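[1] Sequence isn't available, so here's the structure alone:
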C-alpha cells in the first residue's frame, strides 16, 4: 500500500515538518464538553490535514451524555463548521477523521465504564494492530485523580511489548501548593512521570516556542540577556472578555490561580531560564524548575489585585463582575493581578519582572517586553536631547504574532534631534500561516513522546510554591475596595503606582502595533 493511500490526506497548504505520529488510539474523557469540541477535535482535524496521523489510529469519546457515535460525530461537525466558516471544512480530511470516531457513555467514577473502554480498545486493536493509547482528560479537575485511579485499577496504564500508555492532564493542576502535591502523589501512585503530560495551551503557541529559538539560536540576544544590560521585564496577558458565564468556576479561582502559576509563569520561564544543555525534555524542564525555585517570596506590597466595575469594552456595555451570573453580590474574587517579582540567581539579581493579567481590559493582547538599560547621557549633554527613548524588545504572543525592537535614531536636519523608531517582525509577513487552535503541537508531541512543552511534577509544585504566600496573605486580608477599575480600562491605579515607585511605567495595553517607546 502506498504512503498516499495509507496515511491521512495531506493539506492543500504547507505540511508541518517532521515525522508522522505512530499508530495509537486516543481516548477522550469529556468528549461532549466545550474543550473537546472547540479545541481538541479541531486540533486533530488540523493534524489530519497536515498529514501527521497514520491510517492506524482511532478515537474513543467517553462522556456521561447518552448519545450514539453518529450523534457525537454530528455535534462535532456542527461545531467545526462554525469554527471554519470562512474556509469551510475539508470534507476529505473530516470524513477520514470521523470514520475513526467511536463514542460510549459512562460515569467517570464507575468501574463499569473502564471495563467497556477496555473492551472497545481490544476491538480496535484488532483493526489497527496497535496497543498505544493516549488518554485525554478533558474534564473538570475534580475528575483527574479518580479517572487515573480507575484506569490503573482496570489495568489500562500498564505498558508492555514496546507499547505505551500516556495521559494528558488539563489545567488547573491543583488550586494551591497542598492540592498540587496531593494530586501529584495520587497520579504518580498509578503512573510513572514519563507517562504524564500536564498540558498548558500557552506553550502550544508558535511565538512562545520561538522564544527559545530567539534566545539561543541568535548570537545577538543572549549576550545582552542579563542584569548588566536588562533594566526590567514586563509580561502582560490582557483580555477584553469577562467571566463569560463561568462565574461559578471563577468565584473559586480568581485571576491569580487562573493565570499566574501556569500561563504567565510559562512565559516567565521561557524568557528567564538558563540555557539548557540540549532541547531534551528533561534538560529544558529542569531549567524552568530552577527559575521558579529562584523566585523571591512575593510580598503583598509587591502585588496588586483588582475587580472590574461596569463600563464599555470595545464599544460594548459591560456589567460589573458582581452582577455576572453565579457571582456573589459582595464577591472579593480578583479579576486582575499585577506582580513585581525578583529572581535570586546570578543572571537576574536586581532585575524586576512585572507581571499583569486581567479581564475586561481595553484590548486583548499577550506580550513580553524586555527593556534594556539606558545609555549614558554624557555624549549628548550639550544637545537639546534631555532623555533618550528606551530600547525595548517586545515579543507579541497574541493576537498579532511577532516581535519589535525600539531604538534611538537621529531626525534628519542640522541639529542632533533623537527620536524613537522601531523595527518590526510579524509572522504573517514571513511564514505561510497554518490553521491552528494551539493544541496541535501539544497533542502531536504527546503522540511521539516529546514532553518538552509539558510540565513535570516538581515544576508544577515550584510554581505554586512561588505564589502560595500571596494566596495565604490575600485569604487573610480580604480586599475592601472592590470593584476598583472600570471595564475597558487598563486596570486599577494601584498597578500604575506599583511601577511608579520604581521610576517605571507600564507599556500601554493595545492590540495593534508598534508600541511607542516609553521614556522613563
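    Perfect, thanks for sending it. Note that this is a predicted model, so its numbers are computed, not measured.
[2] if I look at the spatially closest residue to residue 335 that is not a sequence neighbour, how far off is residue 253?
    Spatially, and ignoring its direct neighbours in sequence, residue 335 is nearest to residue 359 (4.6 Å; CB to CB, 6 or more residues apart in numbering). For every residue, glycine as well, the C-beta is placed using N, CA and C. Distance of residue 359 to residue 253, given as CB to CB, to the nearest Å: 12 Å.
[3] These two - which one has more neighbours?
    Taking other CB atoms under 10 Å, residue 359 and residue 253 do not tie; residue 359 has more neighbours (25 against 17).
[4] surely the more buried one meets residue 237?
    No. Between residue 359 and residue 237 there is no contact under CB atoms under 8 Å: 10.2 Å.
[5] Residue 457: neighbouring residues, count only.
    Residue 457: 19 neighbours (other CB under 10 Å).
[6] Would you quantify the distance from it to residue 179?
    Residue 457 sits 13 Å away from residue 179 when distances are taken as CB to CB.
[7] likewise residue 166?
    Taking CB to CB, one finds residue 166 at 23 Å from residue 179.
[8] more crowded one of these two?
    The residue with more neighbours, out of residue 166 and residue 179, is residue 166; 21 against 14, by other CB under 10 Å.
[9] Roughly how far does that one sit from residue 493?
    Using CB to CB, residue 166 is found at 47 Å from residue 493.
[10] Shouldn't residue 172 be within a strand?
    No. Per DSSP: H, G, I helix; E, B strand; the rest coil, residue 172 lies outside any strand segment and is coil.
[11] Skip the chain neighbours and tell me the closest residue to it.
    In space, residue 172 is closest to residue 141, 5.4 Å off (CB to CB, 6+ apart).
[12] okay, that neighbour: pLDDT?
    Per-residue confidence at residue 141 stands at 92 (pLDDT).
[13] now swap in residue 311 and tell me
    Taking residue 311 on its own, its pLDDT is 96.
[14] give me the number of residues near it?
    For residue 311, using other CB under 10 Å, the count is 18.
[15] do the one 3 residues further on as well
    By other CB under 10 Å, 12 other residues sit near residue 314.
[16] Repeat that for the one 3 residues further on.
    Applying other CB under 10 Å, we find 10 other residues in the vicinity of residue 317.
[17] that's a strand at it, yeah?
    Yes. With three-state DSSP as the criterion, residue 317 is located in a strand.
[18] For it, give its distance to residue 232.
    36 Å.
[19] Can you tell me how far the residue most central in space within the chain is from residue 26?
    Centroid-nearest residue in the chain, with CA atoms, centre = their mean: residue 202, separated by 1.8 Å. Residue 202 sits 22 Å away from residue 26, taking CB to CB as the criterion.
[20] Equivalent analysis for residue 150, please.
    From residue 150 to residue 26 the distance is 18 Å (CB to CB).
[21] Please apply the same query to residue 167.
    From residue 167 to residue 26 the distance is 11 Å (CB to CB).
[22] quick one: common contacting residues for these two?
    134, 136 (CB atoms under 8 Å, 6 or more residues apart in numbering).
[23] Which pLDDT does the model give residue 377?
    Here, the pLDDT recorded for residue 377 equals 64.
[24] err, residue 189, not the other one
    Note on residue 189: pLDDT of 97.
[25] burial measure for residue 143, as a count.
    Residue 143, neighbours per other CB under 10 Å, totals 16.
[26] out of everything not next to it in sequence, what's closest to residue 333?
    Nearest to residue 333 is residue 254, by CB to CB, 6+ apart, at 4.7 Å.
[27] Pretty sure that neighbour sits against residue 334.
    Yes. Counting by CB under 8 Å, residue 254 touches residue 334, with 4.9 Å between them.
[28] In terms of neighbours, single out the busier of those two.
    Shown here are residue 254 and residue 334; by other CB under 10 Å, residue 334 has more neighbours (27 against 22).
[29] Pretty sure the more buried one sits against residue 304.
    No. With contact defined as CB under 8 Å, residue 334 does not count as touching residue 304 (9.2 Å).
[30] which residues does the closest residue to residue 139 other than its chain neighbours contact?
    Among residues not flanking residue 139 along the chain, residue 30 sits closest, at 3.9 Å (CB to CB, 6+ apart). Residue 30 sits next to 36, 62, 63, 136, 137, 138, 139, 140, 143 when contact means CB under 8 Å, 6+ apart.
[31] Could I get the pLDDT score of residue 116?
    In this prediction, residue 116 carries a pLDDT score of 96.
[32] what secondary structure does the closest residue to it other than its chain neighbours sit in?
    Taking CB to CB, 6+ apart, and ignoring the residues beside it in sequence, residue 116 has residue 104 as its nearest neighbour in space, at 5.7 Å. Following three-state DSSP, the label given to residue 104 is strand.
[33] burial count for residue 104?
    19.
[34] before we move on, what about the one 5 residues further on?
    Neighbours of residue 109 under the rule other CB under 10 Å: 12.
[35] and what of residue 59?
    24.
[36] Let me know the next secondary structure element after the helix or strand where it lies.
    Element membership of residue 59, judged by DSSP states H and E, is strand 57-63. Next along the chain after strand 57-63, taking DSSP H and E as the criterion, comes helix 69-83.
[37] Sort out which residues of that following helix are buried, please.
    72, 73, 75, 76, 79, 80, 83 (16 or more other CB atoms under 10 Å).
[38] and if you look at stretch 283-296?
    For stretch 283-296, by 16+ other CB under 10 Å, it's 284, 285, 286, 287, 288, 289, 290, 291, 292, 293, 294, 295.
[39] Show me which of these is closest to residue 409.
    Using CB to CB, residue 291 is the member of these that sits closest to residue 409, with 34.7 Å.
[40] that older thread, out of the contacts of residue 30, list just those in strands.
    Among the contacts of residue 30, the members found in strands (DSSP state E) are 62, 63, 136, 137.
[41] To what extent is the nearest residue to residue 349 once chain neighbours are set aside buried, counted in neighbours?
    Among residues not flanking residue 349 along the chain, residue 227 sits closest, at 5.7 Å (CB to CB, 6+ apart). By other CB under 10 Å, 15 other residues sit near residue 227.
[42] how near is residue 227 to residue 485?
    Distance of residue 227 to residue 485, given as CB to CB: 32 Å.
[43] Pull the number of nearby residues for residue 176.
    Count around residue 176 with other CB under 10 Å applied: 17.
[44] Sorry, slip of the keys, the one I care about is residue 148.
    25.
[45] For my notes, confirm it occurs in a helix.
    Yes. Assignment of residue 148 by three-state DSSP places it within a helix.
[46] was I right about it contacting residue 168?
    No. Shown here, residue 148 and residue 168 do not form a contact pair, counting by CB under 8 Å, at 11.2 Å.
[47] what's stretch 34-44 in contact with?
    Outside stretch 34-44, the residues touching it (CB under 8 Å, 6+ apart) are 26, 28, 30, 53, 59, 61, 75-76, 79-80, 83, 97, 136, 138, 170, 201, 436-440, 442-443.
[48] mean confidence for that stretch?
    On average, stretch 34-44 scores 94.
[49] If we go by neighbour counts, what in it is buried?
    35, 36, 37, 38, 39, 40, 41, 42, 43, 44.
[50] just to revisit the earlier point, overlap of the contact sets of residue 148 and residue 168?
    In contact with both residue 148 and residue 168: residue 137, using CB under 8 Å, 6+ apart.
[51] And residue 423, which helix or strand is it part of?
    Assigned by DSSP H and E, residue 423 falls in strand 418-426.
[52] ok, the closest residue to residue 129 other than its chain neighbours - how many residues close by?
    The spatially closest residue to residue 129, leaving aside those adjacent along the chain, is residue 56, at 6.5 Å (CB to CB, 6+ apart). For residue 56, the count of nearby residues is 19 (other CB under 10 Å).
[53] I figured residue 56 was touching residue 21, is that so?
    No. Assessed by CB under 8 Å, residue 56 is found out of contact with residue 21, at 10.4 Å.
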